[in-house]
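1. got a structure for you, letters missing:
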C-alpha cells in the first residue's frame with residue numbers, strides 16, 4: 001500500500017513539474033512573439049474620453065483626469081514585486097524627458113497578478129521614490145479586472161467606451177496610450193518597454 005502510494009505521488013510530482021515547465025516555455029514563446037511584433041499606433045478619434053473620470057491618488061486625494069486635456073498619457077498598471085518592476089526606471093525617465101512636451105505617465109498599482117503588489121499605498125509610494133525616484137502621478141491601489149474593476153479600466157478595456165477595441169489586462173505593466181483628445185490610441189503588452197521607438201514617435205507626433 002505504501003509503495004503504491006509512493007509511486008502515485010512520484011508520478012503526480014513528475015506530472016506537475018512537466019506542466020510547470022510547459023507553462024514556462026509557453027510564456028517564454030509568448031514573450032518572444034510580443035517583442036517581435038511591429039507596433040502600430042493610429043490616432044483614435046472615436047469613443048469616449050478619459051477626461052470624465054476621477055480617481056483617488058496614492059495619497060488619497062482626488063485626481064481629476066480632466067486636467068490632462070491636451071496631453072498624451074500613458075496609463076500603466078504597476079507592481080513592486082514583478083519581473084517588470086524595473087520598468088519604473090524607464091517610465092520615470094520618459095516622464096522627465098517629455099513632460100515639457102505634453103506627455104504624462106499615470107501609474108495604477110494593482111495586486112491582481114501573482115499578488116505582486118501586496119503593500120499599502122504608503123509602502124508603494126515609499127518603494128517607488130526610494131528605488132526609482134518616481135515623480136509621475138501615482139494613483140491608489142485598484143483592481144484592473146474582475147468584479148471590482150475600476151471605472152477607468154472598464155473604459156480602457158471595453159470598445160463600447162473607448163471606441164478602439166475590447167481587450168483585457170494580461171499582467172503588470174500593460175500600457176495604454178491616450179492621445180491629446182483623451183481617446184485610446186493603443187494597448188501595449190508588459191513586454192513592450194516604455195521607451196520603445198514607436199512610443200517615442202507617438203509622443204513626438
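-> Cool, got the structure. The model shown is predicted, which means the values in this text are computed figures rather than measured ones.

2. Mind jotting down where the strands sit in this structure?
-> 54-56, 62-64, 72-78, 103-109, 175-178, 184-188 (DSSP state E).

3. mind putting the ones you listed in CSV, mean neighbour count, distance to residue 127 and mean pLDDT included?
-> Using the backbone N, CA and C atoms, a C-beta is placed for each residue, glycine as well. Formatted as CSV, the strands of the chain follow (neighbours: other Cβ atoms under 10 Å; distance: least, Cβ to Cβ, whole Å; pLDDT from 0 to 100):
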stretch, mean neighbour count, distance to residue 127, mean pLDDT
strand 54-56, 16, 19, 98
strand 62-64, 12, 20, 98
strand 72-78, 24, 10, 98
strand 103-109, 23, 10, 98
strand 175-178, 24, 20, 98
strand 184-188, 22, 24, 98
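
4. how is the protein carved up into domains?
-> What automatic domain parsing lists as the domains of the chain is 1-36, 50-204.

5. For residue 42, find the nearest of the ones you listed.
-> Of all these, domain 50-204 sits nearest to residue 42, with 6.7 Å by Cβ to Cβ.

6. quick check, distance from that closest one to the centre of its chain.
-> Counting by Cα atoms, centre = their mean, to the nearest Å, domain 50-204 is centred 6 Å from the centre of its parent chain.

7. what about it, how long is it end to end?
-> 21 Å (Cα to Cα, to the nearest Å).

8. most tightly surrounded among the domains of the chain?
-> domain 50-204 (a mean of 18; mean count of other Cβ atoms under 10 Å).

9. May I have the residues that are in contact with residue 42?
-> Residues counted as contacts of residue 42 (Cβ atoms under 8 Å, 6 or more residues apart in numbering) are 185-186.

10. Equivalent analysis for residue 194, please.
-> 74, 76, 87, 90-91, 93-94, 105, 175.

11. With residue 137 instead?
-> So residue 137 contacts 57, 63, 104-107 (Cβ under 8 Å, 6+ apart).

12. now the domains of the chain as CSV including distance to residue 43?
-> CSV is the format used below for the domains of the chain (distance: least, Cβ to Cβ, whole Å):
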stretch, distance to residue 43
domain 1-36, 23
domain 50-204, 6
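
13. Could you say which one of those comes nearest to residue 44?
-> Once the domains of the chain are compared by Cβ to Cβ, domain 50-204 is nearest, at 4.4 Å.

14. Name the helix or strand of the protein that has the lowest mean pLDDT.
-> Least confident helix or strand of the chain, by mean pLDDT, DSSP states H and E, is helix 2-36 with a mean of 41.

15. Many thanks, I have nothing further to ask.
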